[in-house]
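A.B. asks: next one to model:
(chains A and B)
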Amino acid sequence: SQQGEEDPQALSIQEGENATMNCSYKTSINNLQWYRQNSGRGLVHLILIRSNEREKHSGRLRVTLDTSKKSSSLLITASRAADTASYFCATEAGSSNTGKLIFGQGTTLQVKP
Amino acid sequence: DTGVSQNPRHKITKRGQNVTFRCDPISEHNRLYWYRQTLGQGPEFLTYFQNEAQLEKSRLLSDRFSAERPKGSFSTLEIQRTEQGDSAMYLCASSSLAGGPYEQFFGPGTRLTVL
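C.D. replies: Numbering: from 1, shown residues only, chains lettered A, B, ... in the order given. Model prediction:
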């Protein structure tokens, strides 16, 4: 079963614009991770934010986490055509020490050159 | 390349046949995970191993599915008597127990089509 819900399901922007994707989840978590998937391929880890962190940056990526609202957002600044992909949030349940990830349904991002 | 590898990359089979997939994780990684992904959905957890021990199996996994990691290195996922509903991308991921929390490294996946 999917824990996360992502919003929007699809996003189309021009190169150079910023892209924001949101993720909501249901249970307490140890951490929340964002992954990217290019068409028909495996997932690439982008960034991990722990449950006691509120914001994290990595290059052009900025992730926020609001545990009171059980939500997270991923901001990609100055987007490039190469950012075109599906983006998934994934949570590791707070009661678990397994590392098992529960994924959302994903946001499909298209960046037009 | 020292990443996670999966074989075969594509498998087409007829309903009722058995199929087996292989995953080779990053060599020093203790944990290995199998996920299934259908079109337009996020990956769904199937099972995971810590070294050679299978520690959790999804309740959604039918008895036709079995996974092994005999020496704590590579893993195999077998599906017996395949059904059309088994058509999906099967993803393997591995992670290290050192440090933490744990980033998972994914393989390219095996795409299964059941005719």
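
A.B. asks: could you pull out the strands in the chain for me?
C.D. replies: Unless you meant another one, I'm taking chain A. Counting by DSSP state E, chain A has strands at residues A:5-7, A:10-14, A:19-24, A:29-37, A:43-50, A:55-58, A:61-66, A:71-76, A:85-93, A:101-103, A:107-112.

A.B. asks: try chain B instead
C.D. replies: Under DSSP E, chain B gives strands at B:5-7, B:10-13, B:19-24, B:31-37, B:44-50, B:53-57, B:65-68, B:75-79, B:88-95, B:105-106, B:110-114.

A.B. asks: to chain A, which of the ones you listed lies closest?
C.D. replies: Of all these, strand B:105-106 sits nearest to chain A, with 4.1 Å by Cβ to the nearest Cβ. All C-beta spots, glycine's among them, are computed from the backbone N, C-alpha and C.

A.B. asks: what's the local residue count around the residue of chain A found nearest chain B?
C.D. replies: In chain A, the residue that lies nearest chain B is residue A:103 (3.3 Å; Cβ to the nearest Cβ). Here the number of neighbours of residue A:103 (other Cβ atoms under 10 Å in any protein chain shown) works out to 24.

A.B. asks: in this structure it contacts residue B:33, no?
C.D. replies: No: applying Cβ atoms under 8 Å, one finds residue A:103 not in contact with residue B:33, separated by 11.7 Å.

A.B. asks: thinking again about what came up before, please convert the strands of chain A to CSV, extending it with mean pLDDT and distance to residue B:17.
C.D. replies: As requested, the strands of chain A are exported to CSV (pLDDT from 0 to 100; distance: least, Cβ to Cβ, whole Å):
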stretch, mean pLDDT, distance to residue B:17
strand A:5-7, 85, 35
strand A:10-14, 96, 36
strand A:19-24, 96, 38
strand A:29-37, 93, 28
strand A:43-50, 93, 28
strand A:55-58, 96, 44
strand A:61-66, 98, 43
strand A:71-76, 97, 41
strand A:85-93, 92, 30
strand A:101-103, 92, 29
strand A:107-112, 96, 33
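
A.B. asks: near chain B, which residues of chain A show up?
C.D. replies: By the rule Cβ under 8 Å from any Cβ of the partner chain, the part of chain A lying against chain B is A:1-2, A:4, A:30-31, A:33, A:35, A:40-45, A:48, A:50, A:88, A:90, A:92, A:98-106.
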